[in-house]
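A.B. asks: 3D, please:
(one chain, ligands or ions: 1)
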Amino acid sequence: MQYLYDHTGKQYLDFYGGVSVMNAGHCNEEIVEKVCEQMRTLQHTTTIYLTQQIVDLAKKLAHITPGHLKRSFFCASGSEANDGAALLAQHHTKRQKFVAVRQGLHGRTRFTMNLTGIPMWRTDIYPTNDVTHIPAAYCYRCAYGLSFPACDLRCAQQLEDVVKSGDCAAFIVEPIQGNGGIITPPHGYFNRVREILDKYGTLLITDEVQTGFGRTGRMFAIDHWDVVPDIMTMAKGIANGTPLGAFTTGDAIASSYTRPGASTTGGNPISATAALATINVIEKQQLPWQAKELGDYFKEKLVALQARHSTIGEVRGKGLTISAELVKENKIPATEETDFIIEEFKNRGVLAGKTGMSRNVLTFQPPLVITRNDIDHVVETLDKILFMVKNNP
Ligand SMILES: Cc1ncc(COP(=O)(O)O)c(C=O)c1O
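C.D. replies: Residues are numbered from 1 along each chain as shown. Here you go, the predicted model:
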């Protein structure tokens with residue numbers, strides 16, 4: 001569930017969940033049982049022949065995704081899901097260009113790298129001219145030097161300056177930028193985004209690869225803003241560690257794709273079974289609710305710690321995707337300190353992550369099955385490590 005063990009048998013409390021994947025816990029017995037049973041029955045066949053599992057999963061996603069979203073394409077990773085969603089947006093709008101945010105990460109295929117704004121995740125040497133990157137709703141380091149709400153969402157307004165040209169197929173965005181540092185847009189951000197996009201006929205693609213399946217305290221993070229995207233992409237937590245990606249849209253957009261399309265292993269019986277069993281656990285154990293309860297508790301404790309340690313510049317996130325941006329004086333990123341803290345956590349049997357443009361954001365995305373005691377232990381351990389940082393700057 002929330003523990004991992006190394007080759008010496010040492011136990012680790014996993015507060016990173018394999019980068020926001022293991023929402024239902026490691027080796028969750030219910031999921032393991034279902035997958036093993038499926039392995040003994042049917043592992044794979046071409047998607048030319050529908051299997052019950054892929055149909056059941058498509059139905060399930062239609063049920064749990066917001067609004068009119070109900071048609072899904074299955075593949076094997078988040079990168080492929082975003083790539084496919086971008087292709088679909090171009091087919092539907094007959095437009096070539098995209099808008100994305102500078103702090104966003106959308107994958108490691110060549111085109112999703114172009115959609116990605118974070119420089120360290122871009123190894124493409126010939127970028128396309130099809131993507132414009134705008135600043136994210138990163139209030140702690142506002143690109144315009146403004147403060148919310150007086151800013152009147154200047155960052156969302158920036159979108160209008162790009163899409164008014166009328167040649168943008170879609171704006172692709174993570175509802176909370178994971179790798180960018182758990183950047184959490186303020187109230188009203190996506191509502192303004194939706195209004196602007198509707199005005200210019202540009203689609204909204206929300207990348208829920210990191211934020212989906214209960215992680216943020218709702219089934220999908222975009223639900224916090226009550227906004228329905230045109231296309232939603234998913235992977236990671238969808239099948240609790242079994243490779244699976246998907247994108248889901250409504251009838252009108254789905255039917256505009258009329259050319260051949262396939263993914264050999266996408267949605268095969270094993271992955272689809274793993275996803276169905278995972279979603280079943282998430283619903284039955286009310287893990288989104290649990291993520292909210294535990295996340296609120298965790299955040300409160302980290303904010304209390306912030307009062308004792310000036311290294312914590314900001315605590316942010318929703319549910320159990322939480323981060324502490326670590327800084328020196330004048331908000332200078334505490335990059336080496338973040339590395340030290342993660343190593344020291346590991347020595348003390350806790351796994352945490354590192355995100356942010358300057359890799360100075362301590363990140364927690366544990367399985368949603370952790371307990372309050374686990375949170376207390378992590379916060380107490382962090383307190384001790386931060387004292388070490390303070391005493392050895
Ligand atoms: C938000 C987001 N989108 C897309 C991806 C790419 O997913 P994958 O690694 O499954 O291709 C990632 C993972 O790194 C991600 O965090």
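A.B. asks: Which positions within the helix or strand that contains residue 195 qualify as buried?
C.D. replies: Assigned by DSSP states H and E, residue 195 belongs to helix 189-200. Residues of helix 189-200 classed as buried: 189-190, 192-194, 196-197, 200 (neighbour count, 16 or more other CB atoms under 10 Å). C-betas here are computed from N, CA, C, even on glycine.
A.B. asks: CA atoms only: put it into CSV for me.
C.D. replies: Only the C-alpha atoms of helix 189-200 are listed here, as CSV (Å, rounded to 0.1, in the frame of the first residue of the first chain):
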residue,chain,number,x,y,z
TYR,A,189,-8.9,30.9,-13.6
PHE,A,190,-10.4,28.1,-15.7
ASN,A,191,-13.8,29.7,-15.9
ARG,A,192,-12.1,32.7,-17.5
VAL,A,193,-10.1,30.4,-19.7
ARG,A,194,-13.2,28.7,-20.9
GLU,A,195,-14.9,32.0,-21.7
ILE,A,196,-12.0,33.2,-23.8
LEU,A,197,-11.6,29.9,-25.7
ASP,A,198,-15.3,29.7,-26.5
LYS,A,199,-15.2,33.2,-27.9
TYR,A,200,-12.5,32.2,-30.5
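A.B. asks: Okay, and the beta partners of the closest residue to residue 267 other than its chain neighbours?
C.D. replies: Closest residue to residue 267 apart from its sequence neighbours, by CB to CB, 6 or more residues apart in numbering: residue 74 at 2.8 Å. Beta bridges link residue 74 to residue 246, judged by DSSP bridges.
A.B. asks: I figured residue 74 was touching residue 239, is that so?
C.D. replies: No - contact criterion CB atoms under 8 Å: residue 74 and residue 239 do not qualify, at 10.3 Å.
A.B. asks: For those two, list the residues in contact with both.
C.D. replies: Common contacts of residue 74 and residue 239, defined by CB atoms under 8 Å, 6 or more residues apart in numbering, comprise residue 271.
A.B. asks: excluding its backbone neighbours, what's nearest residue 272?
C.D. replies: residue 53 is the one closest to residue 272 (CB to CB, 6+ apart), at 3.6 Å.
A.B. asks: do the same with residue 164
C.D. replies: Spatial nearest neighbour of residue 164, excluding adjacent residues (CB to CB, 6+ apart): residue 200 at 5.9 Å.
A.B. asks: Tell me the pLDDT of that neighbour.
C.D. replies: For residue 200, the pLDDT comes out at 98.
A.B. asks: how much space between the residue of the chain found nearest the ligand and residue 106?
C.D. replies: Of all residues in the chain, residue 78 sits closest to the ligand, with a separation of 2.4 Å (CB to the nearest ligand atom). Distance, residue 78 to residue 106, by CB to CB, to the nearest Å: 8 Å.
A.B. asks: swap in residue 385?
C.D. replies: On the measure of CB to CB, residue 385 and residue 106 end up 32 Å apart.
A.B. asks: quick one: which of those two has more around it?
C.D. replies: The residue with more neighbours, out of residue 385 and residue 106, is residue 106; 33 against 23, by other CB atoms under 10 Å.
A.B. asks: Quick check: pLDDT value at that one.
C.D. replies: What the model reports for residue 106 is a pLDDT of 98.
A.B. asks: Name the SS class of it, please.
C.D. replies: In terms of secondary structure, residue 106 is coil; the call rests on DSSP: H, G, I helix; E, B strand; the rest coil.
A.B. asks: Check whether it really touches residue 205, as I assumed.
C.D. replies: No - using CB under 8 Å, residue 106 makes no contact with residue 205, being 9.0 Å away.
A.B. asks: any shared contact partners between these two?
C.D. replies: 82, 172.
A.B. asks: what residues does the stretch 101-250 of the chain put near the ligand?
C.D. replies: Proximity of the stretch 101-250 of the chain to the ligand, by CB under 6 Å from any ligand atom, involves residues 105-108, 174, 178-179, 207, 209-210, 235.
A.B. asks: Filter the residues you listed down to the buried ones.
C.D. replies: If you count burial by 16+ other CB under 10 Å, the buried members of these come out as 105-107, 174, 178-179, 207, 209-210, 235.
A.B. asks: so where do the helices sit in the stretch 51-200 of the chain?
C.D. replies: Applying DSSP state H, counting those that start in this stretch to the stretch 51-200 of the chain gives helices spanning 52-64, 78-93, 110-115, 154-163, 189-200.
A.B. asks: now, of the ones you listed, which is deepest in the fold?
C.D. replies: Most buried of the helices of the stretch 51-200 of the chain by mean neighbour count (mean count of other CB atoms under 10 Å) is helix 78-93; its value is a mean of 24.
A.B. asks: Alpha carbons of it, as PDB, please.
C.D. replies: Output of helix 78-93 as PDB, limited to C-alpha atoms (Å, rounded to 0.1, in the frame of the first residue of the first chain):
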ATOM      1  CA  GLY A  78       0.400  10.000 -21.100                       C
ATOM      2  CA  SER A  79       2.600  11.200 -23.900                       C
ATOM      3  CA  GLU A  80       0.600   9.300 -26.500                       C
ATOM      4  CA  ALA A  81      -2.600  10.500 -25.000                       C
ATOM      5  CA  ASN A  82      -1.600  14.100 -25.300                       C
ATOM      6  CA  ASP A  83      -0.200  13.600 -28.800                       C
ATOM      7  CA  GLY A  84      -3.500  11.900 -29.900                       C
ATOM      8  CA  ALA A  85      -5.600  14.700 -28.300                       C
ATOM      9  CA  ALA A  86      -3.600  17.300 -30.100                       C
ATOM     10  CA  LEU A  87      -4.100  15.500 -33.400                       C
ATOM     11  CA  LEU A  88      -7.800  15.200 -32.800                       C
ATOM     12  CA  ALA A  89      -8.000  18.900 -32.000                       C
ATOM     13  CA  GLN A  90      -6.400  19.800 -35.300                       C
ATOM     14  CA  HIS A  91      -8.700  17.400 -37.200                       C
ATOM     15  CA  HIS A  92     -11.800  19.000 -35.500                       C
ATOM     16  CA  THR A  93     -10.800  22.600 -35.800                       C
END
